[in-house]
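Chemist: Sequence first, then the predicted structure, then my questions.
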Amino acid sequence: MLAILGLAVLAGCRHDPPEQALRKTIATMQAAAESGDTAALFSPIADDFAGSEGMDRQAFRQYVTVMRLRNARVTVTLGPIDVKLIGDRATADFTAALTGGAGLLPSEAQAYDVNTGWRLEGRDWKLISAKWTQRL
């Protein structure tokens, strides 16, 4: 019984450090975007999300849905992620290259500089803001 209790305590202490947890959240969102799993993609996006050009969470969901309908196959490649922790908040900045198309070869490609803001809610990071600018 004591051994089980000890394992339970150890398991409870195995939480990822905040930066590692944030990086995992971003990686999970990247995989969800590529697989078309909108629920998983939007799970970490806060209800009060604010995006580029005044886009709120609902407008961003509509944008993602339209892009997904236009591109049966999507690939998202992220550059190095620069994370800065500020208490229960964080920023994560990176480049993102997106390709898409109907077949095996992409017919569309674009790269963006992305600046994101995050809020820690319990053990989960929530995306509260994102600004993306097209790279030339």
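Modeler: Now that the structure is in, tell me what you want to look at. Numbers count the residues shown, from 1 in each chain.
Chemist: In the helix or strand A40 falls within, which residues are buried?
Modeler: Per DSSP states H and E: A40 is located in helix 38-42. By 16 or more other Cβ atoms under 10 Å, the buried positions in helix 38-42 come out as 41-42. From N, CA and C alone the C-beta is placed, and that goes for glycine too.
Chemist: now stretch 120-130
Modeler: 120, 125-130.
Chemist: by contact count, what packs against the helix holding A40?
Modeler: Here helix 38-42 touches helix 18-35, helix 57-70, going by 3 or more Cβ pairs under 8 Å, 6 or more residues apart in numbering; DSSP states H and E.
Chemist: related to what we said a few turns ago, can you lay out the buried residues of stretch 120-130 as TSV showing distance to T28 and secondary structure?
Modeler: Below are these laid out as TSV (distance: Cβ to Cβ, whole Å; DSSP: H, G, I helix; E, B strand; the rest coil):
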residue	distance to T28	secondary structure
L120	16	strand
W125	10	strand
K126	13	strand
L127	12	strand
I128	17	strand
S129	19	strand
A130	16	strand
